[in-house]
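In: My questions are about this predicted structure, shown below with the sequence.
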Amino acid sequence: MTRYTFHSRMTIGTLCGIILLAVATLMCFLQRSGIAVACALVLLVLTVAATERALHTEYQITDDGMMTIRKGRFGKATVVDLKETTQIEKIHTTFGFSHFLLIRFSNGRSIVIQPDNEDALISQTHKHRRA
C-alpha cells in the first residue's frame, strides 16, 4: 500500500505565537515568585505542545482513498474519505500573509489544512476522488 505524506506549512502566525509563548514563559521564570513560576510551568507546557503540533502535523493519503490527518504526535488522528469530497478551495487570509485549503464533503462537513505542497496534495486528492 502506497502512502503519500504531506507535512504542514509553518505560518508566520504560528511562529509568532510560539515565540510569544516562549517570551512569556521566560518572563514568568524571571519573576521568581511562587505564582509566577507556576504560570511559567503552564506556559512551558503550552509552548512545547504548540511547537510539537506545528512541527509534526502531517497529512497521509493512502491508495484506498483515505486521508489521515495527524496533528502532532500527541494529537488525535482524523481519518476522512476522499471519495466524499465535493470541493477543494485555496483560501487566502485577509492580509495575504497565509493561505490554506478548505476541503468540503458531501455530508456538509469541511476541514481546513495547510500542507507544504498544496498543488501535489490537490492532484493526489483528485486522483483518489475519481478512483
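Out: All right, it came through fine. The structure displayed is predicted, hence computed values, not measured ones. Numbering: from 1, shown residues only.

In: quick one: the strands in the protein?
Out: 3-7, 57-62, 66-71, 77-81, 85-92, 99-105, 110-113 (DSSP state E).

In: buried stuff in the fifth one?
Out: Burial within strand 85-92, assessed by neighbour count using 16 or more other Cβ atoms under 10 Å, is assigned to 85, 88. Quick note: C-beta positions are derived from backbone N, CA and C, even for glycine.

In: pLDDT averaged over it - what is it?
Out: For strand 85-92, mean pLDDT rounds to 90.

In: so what does it touch, helix or strand wise?
Out: Under the contact criterion of 3 or more Cβ pairs under 8 Å, 6 or more residues apart in numbering; DSSP states H and E, strand 85-92 touches strand 99-105, helix 118-130.

In: Out of the ones you listed, the one nearest residue 54 is which?
Out: Of all these, strand 99-105 sits nearest to residue 54, with 14.0 Å by Cβ to Cβ.

In: how much does the closest one deviate in direction from strand 85-92?
Out: In terms of direction (axes from the mean of the first three to the mean of the last three Cα atoms, to 10 degrees), strand 99-105 departs from strand 85-92 by 160 degrees.

In: rewinding a little: of all the helices and strands packed on strand 85-92, which one is nearest residue 18?
Out: So among those, strand 99-105 is nearest, using Cβ to Cβ, at 18.1 Å.

In: Could you check the angle the closest one makes with helix 118-130?
Out: 10 degrees.

In: residues touching the residue lying closest to residue 43 once chain neighbours are set aside, list them.
Out: Excluding its sequence neighbours, the residue lying closest to residue 43 (Cβ to Cβ, 6 or more residues apart in numbering) is residue 25, at 4.2 Å. Counting by Cβ atoms under 8 Å, 6 or more residues apart in numbering, residue 25 makes contact with 40, 43, 44, 47.

In: Show me which of those residues is closest to residue 127.
Out: Residue 127 has its nearest neighbour among the contacts of residue 25 in residue 47, at 38.6 Å by Cβ to Cβ.
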